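[1] Take this sequence and fold it.
(one chain, ligands or ions: 2)
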Amino acid sequence: MTVHDDIERVLYAEDQIKTGIDRVAAEVSRAYAGRDFTVVSVLKGSCVFASDLIRRIPNRLELAFLAASSYGAGTESGELRIDFVPTGSEIEGRDLLLVDDILDTGRTLAKLKVELRARGARDVRTCVFLDKPSRRSVEMEADFKCFEVENLFVVGYGLDYAGRYRNLPYVGALRRELYTT
Ligand code: IMP
Ligand code: MG
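    Numbers count the residues shown, from 1 in each chain. Ligands and ions are numbered 1, 2, ... in the order given. So this is what the prediction gives:
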């Protein structure tokens with residue numbers, strides 16, 4: 001048994017993901033042309049996306065990490081906890097591009113934007129791998145995004161269920177019996 005056996009269907013295959021990231025990387029590169037910025041990867045979910053994304057952006061950039069968790073073991077959004085933030089000098093006066101795996105209710109990125117501004121960031125934009133617009137509960141749109149997904153729990157390419165499946169190279173829907181109890 002491997003993680004592949006738990007997937008009901010593939011939503012975005014590896015080559016589709018590559019194409020989507022190429023497009024977004026070009027958009028980001030244009031938007032920040034001639035301007036240094038810092039990519040802030042929201043751990044753990046966005047580490048796979050962020051590492052592919054930055055390698056396609058030729059601009060001068062720095063990389064920082066922030067850790068936040070809003071999901072416990074289930075599939076419903078809980079309280080957001082910020083576990084780790086970049087140092088003051090990595091934030092103050094900097095243009096930040098906050099990168100996350102998925103924009104769901106919008107609470108995580110909305111809260112992180114406010115937090116980073118409060119810590120002195122000059123500008124905070126957002127870039128997400130997936131967007132699930134049907135689930136939004138706060139006003140929040142990403143400045144850059146790769147793909148939209150329907151209201152379905154997805155895993156892979158960094159996204160987890162109960163900590164697993166982040167290592168899938170594609171995005172897939174979990175077999176339903178694995179998360180309905
Ligand atoms: P938001 O605060 O509701 O926008 O939640 C964003 C976070 O919820 C993401 O960073 C993910 O960790 C998690 N999340 C939301 N939907 C999914 C999903 O379909 N699969 C895996 N994680 C998800
Ligand atoms: Mg996450």
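[2] Pairing partners for residue 147 in the sheet, please.
    Assessed by DSSP bridges, residue 147 has beta-bridge partners residue 130.
[3] no wait, residue 123
    residue 95.
[4] per-residue confidence at it?
    Note for residue 123: predicted pLDDT of 98.
[5] pretty sure it is touching residue 96, no?
    Yes - Residue 123 lies in contact with residue 96 (C-beta atoms under 8 Å); the separation is 6.9 Å. C-betas here are computed from N, CA, C, even on glycine.
[6] How about residues contacting stretch 114-129?
    24, 28, 31, 40, 46, 49, 53, 82, 85, 88, 91-103, 109, 113, 142-147, 157-158 (C-beta atoms under 8 Å, 6 or more residues apart in numbering).
[7] The residues you listed in helices, which ones?
    Counted as lying in helices by DSSP state H, out of the contacts of stretch 114-129, are 24, 28, 31, 49, 53, 88, 91, 109, 113.
[8] ok, of those residues, which come out buried?
    24, 28, 49, 53, 91, 109, 113 (16 or more other C-beta atoms under 10 Å).
[9] Okay, the first one and ligand 1: tell me how far apart.
    Shown here: residue 24 relative to ligand 1, a distance of 17 Å by C-beta to the nearest ligand atom, to the nearest Å.
[10] What of the fourth one?
    To ligand 1, residue 53 is 15 Å away according to C-beta to the nearest ligand atom.
[11] Now for that residue: which residues touch it?
    Shown in contact with residue 53 (C-beta under 8 Å, 6+ apart): 21, 24, 25, 28, 39, 99, 127.
[12] Tell me the residues on the protein that lie near ligand 1, please.
    Contact residues (C-beta under 6 Å from any ligand atom) of the chain with ligand 1: 45, 70-71, 77, 100-108, 153-155, 159-160.
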